[in-house]
Each structure stands twice: as structure tokens, then as C-alpha cells.
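**Student:** pasting a predicted model and its sequence here:
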Protein chains: 4
Amino acid sequence: MDFAPSPRAADLIERTRRFLDGEITPLEDHYHRDVAALRDNGGDPWTPLPLIAELRAKARTAGLWNLFLPAAHAGDYAARFGTDGGAGLTNTDYAAIAELTGRSFLAPHVFNCNAPDSGNMEVLLQYGDQTQRDRWLEPLLDGSIRSAFAMTEPDVASSDATNMAATADIDGDEVVLNGRKWWTTGIGHPDCAVILFMGLTYPDAAKHQRHTMVLVPRDTTGVKVERMLPALGRYDEPFGHGEVSFTDVRVPASHIILGPGRAFEIAQGRLGPGRVHHCMRLIGLAEAALEATCQRSLDRTAFGKPLARLGGNRERIAKARIAIDSARLLVLHAAWKLDTVGAVGALSEISQIKAHVPSMAQDVIDFAMQMHGGAGVSDDLPLSAAWATARAIRLADGPDEVHLDMVSRVELGKYRASR
Amino acid sequence: MDFAPSPRAADLIERTRRFLDGEITPLEDHYHRDVAALRDNGGDPWTPLPLIAELRAKARTAGLWNLFLPAAHAGDYAARFGTDGGAGLTNTDYAAIAELTGRSFLAPHVFNCNAPDSGNMEVLLQYGDQTQRDRWLEPLLDGSIRSAFAMTEPDVASSDATNMAATADIDGDEVVLNGRKWWTTGIGHPDCAVILFMGLTYPDAAKHQRHTMVLVPRDTTGVKVERMLPALGRYDEPFGHGEVSFTDVRVPASHIILGPGRAFEIAQGRLGPGRVHHCMRLIGLAEAALEATCQRSLDRTAFGKPLARLGGNRERIAKARIAIDSARLLVLHAAWKLDTVGAVGALSEISQIKAHVPSMAQDVIDFAMQMHGGAGVSDDLPLSAAWATARAIRLADGPDEVHLDMVSRVELGKYRASR
Amino acid sequence: MDFAPSPRAADLIERTRRFLDGEITPLEDHYHRDVAALRDNGGDPWTPLPLIAELRAKARTAGLWNLFLPAAHAGDYAARFGTDGGAGLTNTDYAAIAELTGRSFLAPHVFNCNAPDSGNMEVLLQYGDQTQRDRWLEPLLDGSIRSAFAMTEPDVASSDATNMAATADIDGDEVVLNGRKWWTTGIGHPDCAVILFMGLTYPDAAKHQRHTMVLVPRDTTGVKVERMLPALGRYDEPFGHGEVSFTDVRVPASHIILGPGRAFEIAQGRLGPGRVHHCMRLIGLAEAALEATCQRSLDRTAFGKPLARLGGNRERIAKARIAIDSARLLVLHAAWKLDTVGAVGALSEISQIKAHVPSMAQDVIDFAMQMHGGAGVSDDLPLSAAWATARAIRLADGPDEVHLDMVSRVELGKYRASR
Amino acid sequence: MDFAPSPRAADLIERTRRFLDGEITPLEDHYHRDVAALRDNGGDPWTPLPLIAELRAKARTAGLWNLFLPAAHAGDYAARFGTDGGAGLTNTDYAAIAELTGRSFLAPHVFNCNAPDSGNMEVLLQYGDQTQRDRWLEPLLDGSIRSAFAMTEPDVASSDATNMAATADIDGDEVVLNGRKWWTTGIGHPDCAVILFMGLTYPDAAKHQRHTMVLVPRDTTGVKVERMLPALGRYDEPFGHGEVSFTDVRVPASHIILGPGRAFEIAQGRLGPGRVHHCMRLIGLAEAALEATCQRSLDRTAFGKPLARLGGNRERIAKARIAIDSARLLVLHAAWKLDTVGAVGALSEISQIKAHVPSMAQDVIDFAMQMHGGAGVSDDLPLSAAWATARAIRLADGPDEVHLDMVSRVELGKYRASR
């Protein structure tokens, strides 16, 4: 048993940290204030400020690009679009980097590792055919386009993904899409060029063989963004979350990934690493919130003492430290299981972290807001946005409750099997 | 011991409920959507839609106006501006009405019972002199102007109100104000005509005799709203929270309430009822969230069952019911103590509810959001705004921690006294 | 709405408090130490020390006897065996007295108000016929005999009382009992003369009409106490909890209460007040634990400061105060509902307190133990016994989970009804 | 990063598991019942049943003996008294074995790895001189004697160990001990031959240089066990916890370990591994409780369904799984820090686990008791004893609060350092 990162991971961690500290962090506050000013003054917050493109170019030059690319599936893409001309990373190695990028709202995008693009790229890498990869994966890896993921629907409980009612009907060599999706993340970005759409094809098939995953060019006739949705009062520009209607949207059947009825197979493969990434980024967010809280608790004085010496504040700092450290270990261990026994073997572990980490992060950030008083709930600090992120992820990719149920199913399965 | 409301309260509760159900609720969704559309399309969300004025007129005609007016201090104002030409209400009687108004974001304003105006009116009623009351209280009771409350400051830990550093210097028959306040609630409203300002006058006096409360006409030279502050991503238009600078602001010394150095005396009197109101409104908000959750849990189906039959949902509904009911009783009891033994006798009880109820409401609403899935965190439902309200009140009027400390001080005082 | 106790309750509260402070508390530590010494030295801890009989005589003389007797059903028993020759008390009035008696392990017995006797007396009062009342109720009220309650069974999940499998077969004018019960509380007392036994009579009847409640003289042939059970390591002498086998136990059919198949009807009537009593006694226990904790936190010094000034201790004291006060109000309100709308109308309220209060008390007492360090977990203080009491009651009379389910059923029922 | 145990650890884990399953578990219930019968029938529960000696002999033969011996300090003792004639284990490697032994109340003793003996042996190994090791360490490793640890005192807050007031006065070539200790664990065992005693020698020295650690033969004149103390109602025979008075107890100064005034130095070295052991054993206890709960939840039926399908039970199982797994990782990581950077470098990590794990175990076991109903709080299952163990350890070796404070001190120190 060894808790030290591999030499390669250690090197990338160090370089990522330096890039964050040197290039991103000094600009981040400024950036958010500029976007806010734009928004308040009737400007368009959906167009990324030029700064982002500059940072992305620097990151790529620094070899910090597409780090999420999984060693297991990266093939020569890692050499062509990844870091140091080398292979992709294991989930375990990438995890610590994902934590670092999660400390910043800009960093995931700067490193071309942001959701939903990284997840969509993994789908194409693992399940796309050569044509699909040439057309969509390469520009995504290159950073010249963005993508969106359209699964959740307003009219059904999407926690149960087999509920999805939007249709993907095979019509000769075409597939016809109809229905309404919402929380289609990434659709707001001006560079969004393709949507991964999940639709019902075989309503009478076995439960997990009914749905089809289709690549839909953003500009296909019949695709309409009805509105952008605020999540907890925030639009999360420039990616955003859209409510999107699909009306007789026709694309060639060759746009189907893996084959009709195989969407769940894809979702299962996609979600393991994606959940590790989400959770590690949230741990970075919680860690940053705790750091700010420690600073604040030493700097701010009330009732004649620094906050650190008032009431239960020190105990809460200690509990936050314990919560973050144990959650980080849980995610690293899940990543290691994913690397060593695969997504099916890590089923419980992945659900454990998804059920546990966002809620842990929400609590730590809530405490951080409280310690920062009025500033904590303002937009002068990133805390309230961080809180909203953690809170929203408790619903995204399956609500906590669904993951807890999965964990208990695996747990009880151990005993059922032996009867 | 009798838990039934008084006949007068029962009558007003029933009439308030009918007004809410008949007049306000059917329009509320529509109203928020109109404001959002205005905001998204570059309109001015700070000008209240005409609907509000119409509802206020109806409420006044219906005798549901200024219900907060306290029996103990209302004098003839209750007869002139209150309900049914009669006396004000006890805190206990008003509490149930405040709960009802709290279910709606519009209702407190419609009934002229919203913060910070109701608190400011109570200050004028109890501590203002006749001139002050004629000039400011009457139009506030009449609803023709609005007011703001300027206490919190960005540069000091305002949880300890004796920290307030903005100055109120007596200069002959004038008082000169300097400093920077934020979270000045109500300043965004176009009808805001007066600010209650708390400033440091005698830095060397005893801790609670240093500060002065001054009535500042909104348009006085030197008063500048530097910016409006979003609380958890929301501006809470049309009242809003401002960061306001005061630069050599001069007003006649006759604008001082009660006398120089007596701000804390006023704050103590003001805060008891205000905290009861806040807490009762939050209980209304939590109750409405639970009702929506129950409906949802019966209507929405996942994994082949209504949500009410999945996992721990029913237990969470039960726990929310217990949390709300016990919190309501705690607030009613605190109101009764305020009525029977006064603010000093109810010191612990008032701090208990302020420390407990917002956090309880936050938890119940968080659960309600979770049960509503994507809709819960969108703005299609009032839940995420409700959550932000409860969360922000955990800091307003003293953070939870300060109130817990007060409760423990009273508690331990019982034993210290007998030594 | 009025939170003050009625004059009669106020008088009894005051007298009970004086009796506790003057007669019971000074002897209590001594008593427990004597019993422990007896136990450790091979003596018989099941025979009550003579002190108890003396205190009971004094309490009766002081008019503090059978205070639990409910106004609604007491008839002339209150005059003959109760307080002041007067009527019984309402549940609301009695509640505050039950809280006081709960502060002491001896007091409920001293006042002849202890479980399971008080509940059994209520059953006889409300459902027993004249013969049954003459034979059993009178000596119970007189305090000359004790009783036990035999419902729970080792072989079935007794949380679902319809599971009870022990049989009560009608055989002509006799009823024949077979089966095994455990947690038969009260069976260890040397004066225990009668057992209330619940058995299955009509296995094919509707679910709540299958079981019969039978009065079984303790010395009937076939009744065998197999062993006494420790609850969380304690035998709770001299009452105790027994595992009792019933083998062809024959009693006259006239020993059936209310009639065959009507046990659930009785249980429902019995349990409302019983749960109020349990909860109020636990509130007394939690209150006493908090008082001890406050004293300790001022008296004990570590790291150069009294415990009250270390870490989060003051916040925990405040939260314990809030938890106790809100729980007390919840129980008082449930008692008031029981008084004003009856057991069926108070169904949710009774389940709310049963699900909430024991767990609240467990937490407060756990905190008190922690604050008392090694002494807290020793038997030198009553804290660890108090903890065991609260913990065990989370299972007795239906586990928390069953009560939460009942609360949610009532809650959701409001919405189902209107569809 | 690699979460797999080393080959040597894997082998020992497997052998330990087999020994537990094959030799200990089948006898354990029987053993506890025999002891209880002995106790209830006036026998002496302090004399270990012969079974223990037999199991110890078997364990030693199987090479599962003194596994706790630390690689860093074991010297040739590992070869002579340890496993496989080889070196000691790292803390990380031993941790998984400690978890396994913690599942059983007998196993730690059977493997000669139980508290306080293992900690006392480590002290002698690391700080004892050759004479001390020859006289005490060898028979302890051999298992022919037992030891006790006397630190905590009834009259001072022992959470602050600098409070210890019992004295160890140097008088020529003797040291004279006076004072009263309690919670002296191990003193009840008939083989207990030596007590590690901590006493005040230099009251005016620097805070951590005042106390001395002395080896006191159990039969020295002036050592008196005043009484054995029940912890949460249990005496924990045959080791037990004693209140021990020391009256003019004289031993040669050569019985001082490391030198006068150096007790804290020793305590610091001793406590790191000891806390890892405690925590890992508790994780084993929690794991066993969860396993029993899963079995129960499938086997037991209420309301027509297995418990696993009722209410929030499955969610609680999932949360327990997450709590145990993340806590285990936290302890393993702390052990690894201890191995790689030593006790001082692992200060925060050791305090984190001590503050977190016992409380986690208490909660999981509490849930397990609840799921087992009446059986859960009886002594028919080991759950209530397990609960008492976890609860008591929240106070032993420093209460939770002291450890949380240490964690926060390290945490805030990071920021203080850079100022």
C-alpha cells in the first residue's frame, strides 16, 4: 500500500499547480468581475472573454492539455493531442490533477478537461467509430469546437434514466429525433457544434436496451434552444444549461454511437471516470474553501478575538479537514478500482463517491460562507458559486438517493449471492 | 396551557389565508416569470410591476394592512393605519399571520409587513419623537414611501455590532456621517425615502453606548449607492441590498433617534419582534416547500413507483414535518415570552429561534429541491429562491453562532448567579 | 394561545418539585450505590430496598399519587386513589409532572406512575370490566401489587405488532395461551401479580382484529420466566425485562379485556398517553443531564480554562437547550391534541414525539457523558443509565422508523384525500 | 499510488482471517454466554476461562503472535517472539490485521495484541533499558504476564494530561508514588504483574517536562485497587478498569523509563501506533456490525417485506458502507504517514482518526442495534457491547474534542507559519 503519487503524476501535479498559481489564479477574480459587469450592463456574458483563449493556448504549450485522456483508451490521441507526446493517464494519476483544476472555475476549460466535453470525448474515444472520431473527437481534443450532452427531460423523473421518453426512431438510413430535453449542459457556448442525444428507440426491448445515443450537429434543422436555465440562480455562462426541443430532427443513422439500443452500455462506460472527475474537482473546491476559511479565521476579529478562537469554529475547521481528507481518499480509491478492476467491479465505489462527495463539499462550502459573513454570500468571493456547483451536482448524473440505492444493492448482493 | 389561537387571530388567519389563496398565489408564478423576462431582456427589474400596487390597495381595503403593528406600542396608529380600525396584535397573535405571509415572496410587501420596513416602523413607533413619526412613520404606514436599514459594514466583523466603524459625529446642531455600509436592505426600491443609519459617536464610551441611530433622507448629499449586491446569486429586486457610501453626510441633529449613543438600546428593542417575524416567515416558506414535496412525491414516478415509495423519502417527509412543527412551537413560545415578559426576559428564547429556525428551513428546502430534481434548482419553482432566503438569514441579524453564544450565556448564567 | 400551566397544574408541579428536591434527590445516589454494592456482593438486587416503600407512603400522604390518572376516564378512582380527592388530570396538565418525575430513576415508582403499571392501569380503567377493575385495578392504584406487559416476541419483528405469533385460543369458557414473549417489562418485581398478554386468536380475521388481550395472574401454571434480559448491559432491577414462556396457560375467558380480537383497539387507546409519559420523562432526563453539564462546564478546568470556554462546548450547550425546549413544546402540544381531539386526531403528533424525543434525549445525554469524561461513562453518575434508558425507548413501543412512517402516512394522506 | 496490501500483509491477513473464522468465531458466542452465566450465578468472571489459553497457544503455533511488533523498533524480539521468525510489520501492514482482530472481543488477546499490553510493550521496546526489557518486555511478549496503564485521575480533567497530579518524587535512588488513578485498564486481570504509572515530578518545569513514567510491580506495597469501574454498565472482564490508590509506593529509581520528567516524550511515541490500532479495531467492529445488519435486513420480515425494503434502511446501509470505507482509508493513510514521516509528521492525521473513527463506529453500531430490535440491545448479540466499546474510546486516549483541537491547530499552523 502506497499513498504517494506516481512520479509522472507528481510531475504533472507540480506543473499544474504552478500554472494555476502563476497564470490562472491571478486573473480569476478579475475575470468574474468583468463578466458580471458585462451582464449587469446588458452585454453578452455568453461570449467567452479573449483571456480564455489566451490561457488555453498557454496551457497547451505547457503540455497541460487533455490530461483527462485515459491511458486505457487514449491510443495515439494522447500522443497527438495530449501531454508531453506521451500516453494518457490512469484514473488514479489524473485524479490529483482534477482536484487542482477544480479549485478554479476557469481551469477545467483552460486545460480542455471540462464537463461535458471530457465525458463526450471519452465516449467517442471508447465507443465512436473512426468516422465519428475524425469528425468530432479530433476538433474536441484540439479545442476548436465544444459539445453538449442531452439526456435529462423535464417531463419524466430522469433519476431513472430508463424513463427517457424523447424518441430516436430509425427510419431507413436515418434516425429521427423528437422530444424535449433540459439541463443540456454546454449548449450555451458559441462553439458548441455537436450534441450527444439519448432517445428511445425500442420501447418494448429489455429495459437497458431501449435507448440510442446519437451525435447531432448543433445546427441541424429542428434543434431549438427554447431557453437557458439558471441553476440556483446562476446561468453558468458561457457553457450554460439549455432546455432544447428536438422536432423531427433527422441525421444519418451513421451518427448513432455503437448501435441502436446501446445507449446504456455507453452511459455505463462514460460515467465512471466522469464521476471521479466531478468528485475530485469538488474536493478541490472544498479544499480551496477551507483554505480561505482558515485565512479568514486568523485575519478577522470579532468580540476581541480572531474568529479562530470563537465558539466551535476550530472544531468545524478540524471536521472539514477530516471530511475532505477522507473523501479524497475515497475518490482516489475508487479511481484505483476503476483502473484495476474496471467500471463494473467499481460499481459500488463509484456510486459511493457520487453519493458522498458533493454533499460533503456542499457542507464544507456552507461553513466557509458562514465564516465569511456577508462577503460569503456575495459574489465578491467564489464561495456562493462554489456552493451552487456542489449543490447542483447532488442532482446531476443521478441524484444522491439513486447512488445510495446502488451502493446498498451491491452491499446486500454479497449476502444474497451466498444463499 | 392552550395552543388554540385567540378568536381575533383566528379570524385574521382565515382572512389572510383567503386573500393569499384568492389574490396572491394565482398571480405569483406569473409575476416572477415577468420579472425574469424583463431582466433577461435588458429591462429594469427594480421598478415594481403595477400588479403590486393593485394588490396592496386590495389588501388595505380587505383590512389586511400593517398587521405587524404591536398592541403594546401601536397607539392610535393601529386605528388609523391598521386593521379593522382596532388595536395592534400581540406578537403571539401576529406570528401565525407572519407564517402565512412567508409562504409568498410578494405577500409581506402586499400587506405592508415586509422587512426592513416593518422593523423600521417599529423603531419609529417605539423610539421616534413626534416630528420623526409625523415625517417618516405616517407615510411608511401609509405605504407611500419605503425605507432602508444601514448597519453592516464590509470592513469589520458585523456579527459583533460594537465593531461598527462608520461615524456619526455631532457637530453643533448637525450630525455628520461618514463610512461605508453594505447589505443595506431596501435601498434598491425606487420609493425608498429614508435610511436608518447606525454610526459611531463616542468611541471611548462604554461598549453599548458608543453608537447613534440617525434618520437619513435617501437624497441627502453624500449618500451614494456604490452597487447593488447579489445574495447567493440573486439581487432580490425590487428591494435589494446595497453597498452605500456616506461621505460627509450632514443632517440635523433632530434626525437622531432617542439620542446620541443610544443605538444599541434601540437595536435591542427592534430585534425581538423582527426575529420572530423572520422566523415565522421562514416557517411558512418551509411549510410551503414541504407541501410541494408531498405533492411531488405522490405525482412523480421513478423506477415504477411514486417517489413517496422510494428509499428514505417518506422518513424525510416525516422528519421535515417534525422539524417544522417543533420549530413553529418554539417561535410561538418565544413570541409569547416577548408578550408576557418582554425582550430582556425573552433574550434566550429570541436567540434560540434565530439560531435554529433559518437553519431548519434551509434543510427542509434543500430536501424539497432534491425531491424536485432539475426543476428544484431551476427558477421554474420558488424553491431555490426560498433556499437562498433561508441561507442568507442565517447571517442577517447576527449569525447563528452569535445567537448560540447568547443562548449558552443565559443558560450558564443560571448557575453562575447561584454561586 | 397560552403557554402557562393551569393553576392546578402549577400547584402540583410546585409540590412535586419540592417532594423531589426534599425527599427523593438527597437519597437517590445513595440508593443506587447500595443496590450496586448488593449486586457486586452476591446480594439480590431484585428486592426493592425498604426506602422505596417509605417514600411511596410519604408521596401518597403528600397527595402525589397516581397523578397520571386521566381526567377523561378516572371516574371516582381519582377521588379514591388519586390526588387531593379530586378529578384526574388532563394529559397536558400531567405532562409537566411527568417531566419532573423523569429526572429521577426512583420518582415514577414513588409516585405510582411508572411504566408499565400506569399504562396497564389506564387499560383497565378504560377497557376493563367492573370485575377486572375490582380485582386488578384497585390494588394497582393502591400500590399493593405490580404488573407486567407481554407483547414483544423474540421470533418475529415486533415493530409490526400484527406479527405477534403467540396464541390466545378460546376454548369454551377458557382462553389458552401459548408462546414466548420477551422484553416483558415489570416481570422481575417481587410484587408483580398480573401480566397483560397479547396473543393471536383469529389468524384469518382482518389484520387488526386477530389479537386478544388477556389478564394473566403471574402465578398461573405454565407461565415461566426463562431469564431476565439486560438492556444495554443493565437489568433495570427491580422491575426488569423478562423472557417469558407461556405453555398451555389456561385462564377463564372473563380475563379477556374488551373481548376477543380487540387487542389492537386497546393498544391504540393505551399508547397515546403512554407515549406522552415516556417522552416527558425523557425530557426530564435530558434536562437533568444538561443541568449537570452546565455545572460541570463551569467547575471543571482543562488547559487553564473552565470547560465552558473550550471549543464548541458552549454551542453544544445552546443546541441542547434548543433541542430540549422545542421537544418539550412538541410533546405538550401532542398532549393537548390528545386532550382536545383524541388519540385518532393526534395520531401524527403522538408518532412525531415518539420518533423524535428519545433520539433527542439520547443525543443530549451522549453530550453530557462526553462533558463528564471518565465519570460520565462510570456508574458514579446517572448519565450512562440515562443514556441506556433513552436508547432503549427508541425501540420500545415501536421503533423510531415505524413512527416516522406513521407521520409520513398522515402527512401524505392530506394530499391523497383531496384527489 | 497503490491500495493493494503488500504480499506479506496479504498473507498474514489471509491467515488471520482463517484463524478467526476457524478457531475463534465458532467459540465466541459460547464464551460470552459462559462468562455471563458465571457472573449471574455468583461465579468469578475475572478469571479467564481455560479456552483463552488454548486459543493463545494455537495462535502462537500458527505464527499469529505479537503481530503488532513494529518493524522500526522490533529488533530481534520479532525473531524471538513474533511471527515467522521475521521482522516486525509496518503500521500500514499491521493495520489490516488489527481490523480483523477488532471484529472479535477475544481475538486481540488471543493474538497477544490487546490494549493496553501492546502499547506498554511498545513503550518498553522503544524507551525501556535492557534491564527493564529483560524483566518486563520478555514475559509480556511471551504472554506469561499482563500489564496495566495508570494515567487518568478522578480529580482532574485528564483530557489535559499536564493536569496529572499524582506524584512521582525522586528520593535518593528510589522513586515514591502517591495519588489516585482511575480507568487503569488491565488491572483486573489475574496475570497483571506490572503497572505503567505516570506521575508529577517537577511541578515547576516546562509543561511537558514535569511528569515521569515508572514501572510499578503490581504487588508493591501501597498499591491498592479501590474498586473496579463499570464502563457504560460493563466491567469488561477479565481485564477491566480499576480505581487504584498509590500510597507511599516505593520502587527503585531504575524503574523509571527513559528518565525523570520524560513521560510526555514517551506518551507521544506510544500514542501514534496505539491510536491506529484502536481505530482499526473499531473499523473491524463496525464492519462486523454492518455485516450482521445486512444479513438481518434480508432475513427479518415486517409489514410483509424484508427490512431491507422498508423506509430508509437501504440508504442507511449505503451510508454505513461509505462511512466505514472512507474511515478505513483515513486510518490506513495515517498509518502510512506514521511509517513514512513519523509521529510528529503524522500529528494531524493521528488526531483526525482518533476524533473521527470511534464516533463513526458508534453511529454504525447504533444503527445496527436499531435494525436488530430488542435483540440488538440485549446481550444475545455483541452489538451493545460493541457500542459501549466505541463510545468509551471517544473518551479514552484523549476525548474527541482534544483531537479536533489538535487537527485545527496543525491546520491553522500552515497559515500562521507563512506570516
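**Tutor:** Happy to help now that I have it.
**Student:** host element of the closest residue in space to residue A:117 that isn't next to it in sequence?
**Tutor:** In space, and not counting its chain neighbours, residue A:117 is closest to residue A:147: 5.5 Å by C-beta to C-beta, 6 or more residues apart in numbering or on different chains. C-beta coordinates here come from the backbone N, C-alpha and C atoms, glycine included. If you go by DSSP states H and E, residue A:147 is part of strand A:146-150.
**Student:** skipping its backbone neighbours, what lies nearest residue A:116 in space?
**Tutor:** Excluding its sequence neighbours, the residue lying closest to residue A:116 (C-beta to C-beta, 6+ apart) is residue A:149, at 4.1 Å.
**Student:** what parts of the stretch 251-400 of chain A come near chain B?
**Tutor:** If contacts are counted using C-beta under 8 Å from any C-beta of the partner chain, the residues of the stretch 251-400 of chain A sitting beside chain B are A:300-303, A:307, A:310-313, A:366, A:369-370, A:373-379, A:384-385, A:387-388, A:391-392, A:394-395, A:399-400.
**Student:** got a list of what residue A:337 touches?
**Tutor:** A:345, A:346, A:349, D:3 (C-beta atoms under 8 Å, 6 or more residues apart in numbering or on different chains).
**Student:** same thing but 10 Å
**Tutor:** A:91, A:92, A:272, A:276, A:343, A:345, A:346, A:347, A:348, A:349, A:350, D:3 (C-beta atoms under 10 Å, 6 or more residues apart in numbering or on different chains).
**Student:** do the same with residue A:345
**Tutor:** Taking C-beta under 10 Å, 6+ apart as the definition, contacts of residue A:345 comprise A:337, A:338.
**Student:** before we move on, back to that, ok, the residue nearest to residue A:116 touching residue A:119?
**Tutor:** Yes - using C-beta atoms under 10 Å, residue A:149 and residue A:119 qualify as a contacting pair, with a distance of 6.8 Å.
**Student:** shared neighbours, the two?
**Tutor:** A:185, A:196, A:270, A:274.
**Student:** quick check: of those residues, which lies closest to residue C:238?
**Tutor:** residue A:274 (62.9 Å; C-beta to C-beta).
**Student:** give the helix, strand or coil label for that closest one.
**Tutor:** Secondary structure, DSSP: H, G, I helix; E, B strand; the rest coil: residue A:274 is helix.
**Student:** again with residue A:224
**Tutor:** Put simply, residue A:224 is strand when judged by three-state DSSP.
**Student:** around it, count how many other residues there are.
**Tutor:** The number of residues packed around residue A:224, counting by other C-beta atoms under 10 Å in any protein chain shown, is 13.
**Student:** backbone torsions only: list them for the nearest residue to it once chain neighbours are set aside.
**Tutor:** Counting by C-beta to C-beta, 6+ apart, residue A:224 lies nearest to residue A:245, which is 4.9 Å off, once chain neighbours are set aside. Recorded main-chain torsions at residue A:245 are phi -100, psi 140, according to degrees, to the nearest 10.
**Student:** pLDDT at residue A:245, what is it?
**Tutor:** You'll see residue A:245 listed with a pLDDT of 98.
**Student:** what sits against it?
**Tutor:** With contacts defined as C-beta under 10 Å, 6+ apart, residue A:245 is in contact with A:166, A:178, A:179, A:180, A:181, A:182, A:222, A:223, A:224, A:225, A:226.
**Student:** and the residues you listed, which are buried?
**Tutor:** Buried subset of these (neighbour count, 16 or more other C-beta atoms under 10 Å in any protein chain shown): A:166, A:178, A:179, A:180, A:181, A:182, A:223, A:225.
**Student:** got the angle for the one helix or strand residue A:26 maps to vs helix B:25-40?
**Tutor:** For residue A:26, the element it lies in under DSSP H and E is helix A:25-40. Note on geometry: by axes from the mean of the first three to the mean of the last three C-alpha atoms, to 10 degrees, helix A:25-40 and helix B:25-40 are set 120 degrees apart in direction.
**Student:** quick one: average confidence on the very next helix or strand once past helix A:25-40?
**Tutor:** Reading on from helix A:25-40 to the C-terminus, the next helix or strand found by DSSP H and E is helix A:50-61. What helix A:50-61 shows for mean pLDDT is 95.
**Student:** helix or strand right after the strand holding residue A:147?
**Tutor:** Sequence order places strand A:167-171 as the next helix or strand after strand A:146-150, per DSSP H and E.
**Student:** residue A:17 reaches residue A:23, doesn't it?
**Tutor:** No - counting by C-beta under 10 Å, residue A:17 does not reach residue A:23; the two are 11.1 Å apart.
**Student:** pick out whichever of the two has more residues nearby.
**Tutor:** Looking at residue A:17 and residue A:23 with other C-beta under 10 Å, you find the greater number of neighbours at residue A:23, namely 19 against 14.
**Student:** ok but that one is inside a helix, no?
**Tutor:** Yes - assessed by three-state DSSP, residue A:23 belongs to a helix.
**Student:** still on that earlier bit, let me have the contacts of residue A:337 in a markdown table, extended by pLDDT.
**Tutor:** Supplementary listing: the contacts of residue A:337 in a markdown table, determined by pLDDT from 0 to 100:
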| residue | pLDDT |
| --- | --- |
| A:91 | 95 |
| A:92 | 96 |
| A:272 | 86 |
| A:276 | 96 |
| A:343 | 89 |
| A:345 | 94 |
| A:346 | 96 |
| A:347 | 95 |
| A:348 | 97 |
| A:349 | 98 |
| A:350 | 97 |
| D:3 | 97 |
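**Student:** which of those fall within helices?
**Tutor:** Judged by DSSP state H, helices contain the following of these: A:91, A:92, A:272, A:276, A:343, A:345, A:347, A:348, A:349, A:350.
**Student:** so what's the last one up against?
**Tutor:** For residue A:350, the contacting residues are A:268, A:271-276, A:279, A:331, A:334-335, A:337-338, A:343, A:403, A:406-407, by C-beta under 10 Å, 6+ apart.
**Student:** repeat for the third one
**Tutor:** By C-beta under 10 Å, 6+ apart, the contact set of residue A:272 is A:70, A:91, A:122, A:334-335, A:337-338, A:342-344, A:346-347, A:349-350, A:354.
**Student:** just the strands in chain A please.
**Tutor:** Counting by DSSP state E, chain A has strands at residues A:146-150, A:167-171, A:174-185, A:192-200, A:211-217, A:223-228, A:241-252, A:301-302, A:305-306.
**Student:** to residue B:57, which of those strands lies closest?
**Tutor:** Each of the strands of chain A was scored for nearness to residue B:57 using C-beta to C-beta, and the closest is strand A:223-228 (33.5 Å).
**Student:** do you know how far the residue nearest to residue A:235 when sequence neighbours are not counted is from residue B:234?
**Tutor:** Taking C-beta to C-beta, 6+ apart, and ignoring the residues beside it in sequence, residue A:235 has residue A:228 as its nearest neighbour in space, at 5.7 Å. According to C-beta to C-beta, to the nearest Å, residue A:228 and residue B:234 sit 16 Å apart.
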